[in-house]
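Asker: Pasting a predicted model and its sequence here:
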Amino acid sequence: MATKQHDGRPLPTYVETAAEDGHLRSLLNDCVHCGFCLPACPTYQLWGEEADSPRGRIQIVGQLVAGAPVHGAAAEHLDRCLSCLACVSACPSGVRYGEIIEEARAKVERANARPLPKRLGREAIFALFPYPRRLRAARLLLKAAESTGLRKLLHYHWLSSHLPAILMATERLAPPVTPLERLPPRVPARGPSRGAVGLLVGCVQSVFFSHVNAATARVLAAEGFDVIVAKGQGCCGALSLHAGRMDEAARLARKTIDVFRAEGVKLVVANAAGCGSAMKEYGRFFAGDPPYTEPAAWLAERTRDLSELLAEAGPRAERHPVPMRVAFHDACHLAHAQGIRSQPRELLGQIPGLELCEVGDDTCCGSAGVYNIVEPDAAAELGRRKAAAVRATGAEVVVSTNPGCLMQIGAWLGSAGCALPTMHVAELLDLSIRGGEAPRRPLTRPST
Ligand code: SF4
Ligand code: SF4
């Protein structure tokens, strides 16, 4: 086993994190090594390697907790995990793998065990993605690249093979730049109010998917909710939390908690699966941080996914027909992390004329937060497989509850020469409530 890091420094051990390791150890002890989770794991499906399976990763984390250094190979196997939590749904012993990988990633972060280019790439991503103001500037650059033809130029083989893989992966996935739809601080309920709900507009979501936020607000208002778009909100910390960047995640989460506490809303609605699942975890995350223990639990209890809230409340607005064959893709952080599967299907079932078909393959699409940027090869293979499964349904549109999945699936459908529109459930409900026309053009830019 290696004794030095790639830059020659001694490998760190984690005897100093004894309290954390005690918690991790108790989580690891739940695993009975039965292997029932292996067939459900996308990376095990891809490579068939024990070290790239949930059981193998649990074993790696066990070695780290026992004092083994965080060497490059361990970091790589942990980095390759999508945090899709398909293993959690498959595990008969109730292993809380989500918490295990979160804490393991925090160890990898602190150990600086990744090669320099990878570290720099991750730093660049996390210096941009959680910050809407910086994203808006990036959006302008992307728009300029689109209008000058520079974006197309990036696809020339010679150029693309000489640019960093992270940059090319980001470009491939970035949706077409559409006009920003800004929301007012309050969107009033139509008819008698069912109460005020906060809307998390998010970071990437607020800049590249503002149309999904606008559709969400219209649907909520049509269904009788006053929608509060709390000022000062930004990233909820989900991307950082799932990447093990705990201090950054805590800072962003605290701000989110403060902003929605100040509004005193009844519930907070998330329309991105990863954000909703992170916010529901705030109570656990801040359990040892007394000033935030109670406020974090307050927000966690009040967080609802859009489909969860609407299914629970029941429909009020009239639905108009949308005669389309729709393929529904489960976002992992909704299905496996939040256990929400029936609700989006129930909402789609309320739309007259809509024919719902299942995407037979429920493996992760490869989006997984920033995974498709930091692990582009594995994500590409999963994206191709998902795109093929979607095409096999013969659907006219693919629908999901998470913008990241839509970006990933849209990009790989485009690569396969299939101009299938992608839509968020909120957009489809909005279309039905407003009595609009079904989309006739792709809503994602086909990649070349
Ligand atoms: S995580 Fe669960 S399913 Fe997988 S090996 Fe451990 S106990 Fe078995
Ligand atoms: S979270 Fe997903 S990728 Fe990671 S070990 Fe579990 S099933 Fe495999």
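Answerer: Yes, it's here. Ligands and ions are numbered 1, 2, ... in the order given.
Asker: Which positions within stretch 217-234 qualify as buried?
Answerer: Neighbour counts over stretch 217-234 (16 or more other Cβ atoms under 10 Å) mark 217-230, 233-234 as buried. No exception for glycine: its C-beta is placed from N, CA and C like everyone else's.
Asker: what is the mean pLDDT for that stretch?
Answerer: The average pLDDT within stretch 217-234 is 97.
Asker: Ok, stretch 65-80 next?
Answerer: On average, the pLDDT along stretch 65-80 is 92.
Asker: Could you check that stretch against ligand 2 for contacts?
Answerer: No - Stretch 65-80 lies apart from ligand 2 when judged by Cβ under 6 Å from any ligand atom; the minimum separation is 7.5 Å.
Asker: same check, this time on stretch 240-250
Answerer: No - using Cβ under 6 Å from any ligand atom, stretch 240-250 stays clear of ligand 2, coming no nearer than 10.2 Å.
Asker: gap between that stretch and the chain center?
Answerer: In terms of Cα atoms, centre = their mean, to the nearest Å, the centre of stretch 240-250 is set 14 Å apart from its chain centre.
Asker: how long is that stretch from one end to the other?
Answerer: This stretch, stretch 240-250, spans 9 Å end to end (Cα to Cα, to the nearest Å).
Asker: Only the buried residues of it, if you could.
Answerer: Buried residues in stretch 240-250, counted by 16+ other Cβ under 10 Å: Ser240, Leu241, His242, Ala243, Gly244, Arg245, Met246, Glu248, Ala249, Ala250.
Asker: same deal with stretch 52-63?
Answerer: Along stretch 52-63, these residues count as buried under the neighbour rule (16+ other Cβ under 10 Å): Asp52, Ser53, Pro54, Arg55, Gly56, Arg57, Ile58, Gln59, Ile60, Val61, Gly62.
Asker: returning to that earlier point: want to try a markdown table for the buried residues of stretch 240-250, with pLDDT, secondary structure and distance to Val374 as columns?
Answerer: Compiled in a markdown table, the buried residues of stretch 240-250 are given as follows (pLDDT from 0 to 100; DSSP: H, G, I helix; E, B strand; the rest coil; distance: Cβ to Cβ, whole Å):
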| residue | pLDDT | secondary structure | distance to Val374 |
| --- | --- | --- | --- |
| Ser240 | 96 | helix | 13 |
| Leu241 | 94 | helix | 15 |
| His242 | 92 | helix | 11 |
| Ala243 | 93 | coil | 8 |
| Gly244 | 92 | coil | 12 |
| Arg245 | 95 | coil | 12 |
| Met246 | 94 | helix | 18 |
| Glu248 | 96 | helix | 16 |
| Ala249 | 96 | helix | 16 |
| Ala250 | 96 | helix | 21 |
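Asker: Just grab the bridge partners of the closest residue to Val265 other than its chain neighbours for me.
Answerer: With sequence-adjacent residues excluded and distances taken as Cβ to Cβ, 6 or more residues apart in numbering, Val265 is closest to Gly198, at 4.0 Å. Gly198 has the following beta-bridge partners by DSSP bridges: Ile228, Val268.
Asker: Test my guess that Gly198 contacts Phe260.
Answerer: Yes - Gly198 lies in contact with Phe260 (Cβ atoms under 8 Å); the separation is 4.9 Å.
Asker: can you list residues touching both of those two?
Answerer: Listed as contacting both Gly198 and Phe260 by Cβ atoms under 8 Å, 6 or more residues apart in numbering are Ala230, Val268.
Asker: and Val212, how far is that from Thr43?
Answerer: Distance, Val212 to Thr43, using Cβ to Cβ, to the nearest Å: 29 Å.
Asker: picking up where we left off before, measure how buried the residue nearest to Val265 is and give me the count.
Answerer: For Gly198, the neighbour count with other Cβ atoms under 10 Å is 25.
Asker: got it, and Arg319?
Answerer: The tally of other residues near Arg319 (other Cβ under 10 Å) stands at 17.
Asker: Numbering from 50 from now on, please.
Answerer: Got it, the first residue is 50 from now on, which makes the last one we talked about Arg368.
Asker: got a list of what it touches?
Answerer: By Cβ under 8 Å, 6+ apart, the contact list for Arg368 reads Gln399, Ile400, Pro401, Leu478, Ser481, Ile482.
Asker: Next step: those residues restricted to helices.
Answerer: The helices, defined by DSSP state H, take in Leu478, Ser481, Ile482 from these.
Asker: Which one of these sits in the busiest neighbourhood?
Answerer: Neighbour counts for the ones in helices among the contacts of Arg368 peak at Leu478, which has 30 neighbours (criterion: other Cβ under 10 Å).
Asker: just to revisit the earlier point, what's the closest of the contacts of Arg368 to Glu330?
Answerer: Glu330 lies nearest to Leu478 out of the contacts of Arg368, by Cβ to Cβ, at 26.6 Å.
Asker: nearest residue to that closest one other than its sequence neighbours?
Answerer: Closest residue to Leu478 apart from its sequence neighbours, by Cβ to Cβ, 6+ apart: Val268 at 4.8 Å.
Asker: pretty sure that neighbour contacts Arg483?
Answerer: No - Val268 is beyond contact range of Arg483, at 9.5 Å (criterion: Cβ under 8 Å).
Asker: near ligand 1, which residues of this structure?
Answerer: So the chain meets ligand 1 at 80-86, 103-104, 136, 139-140, 142, 144 (Cβ under 6 Å from any ligand atom).
Asker: Extract the residue ranges of the stretch 300-449 of the chain that are flagged as low pLDDT.
Answerer: The model of the stretch 300-449 of the chain has no residue with pLDDT under 70.
Asker: sorry, back to before: Three-state assignment for the residue nearest to Leu478, please.
Answerer: helix (DSSP: H, G, I helix; E, B strand; the rest coil).
Asker: Now do the contacts for it.
Answerer: By Cβ under 8 Å, 6+ apart, the contact set of Val268 is Leu355, Leu359, Ala366, Ala475, Leu478, Asp479, Ile482.
Asker: try it again with 6 Å
Answerer: Ala475, Leu478, Asp479 (Cβ atoms under 6 Å, 6 or more residues apart in numbering).
Asker: which residues touch the closest residue to ligand 2 within the stretch 250-399 of the chain?
Answerer: Relative to ligand 2, the nearest point of the stretch 250-399 of the chain is Cys381 (7.5 Å; Cβ to the nearest ligand atom). Applying Cβ under 6 Å, 6+ apart, we find Cys381 in contact with Cys133, Cys413.
Asker: okay, now the domains of this protein?
Answerer: According to automatic domain parsing, the chain comprises the domains 64-163, 166-222, 235-359, 368-483.
Asker: what's the helix or strand for Arg183?
Answerer: Per DSSP states H and E, Arg183 falls inside helix 181-197.
Asker: neighbouring contacts of that helix?
Answerer: Residues outside helix 181-197 that contact it (Cβ under 6 Å, 6+ apart): Leu177, Arg200, Val226, Cys252, Ser255, Val256, Gly283.
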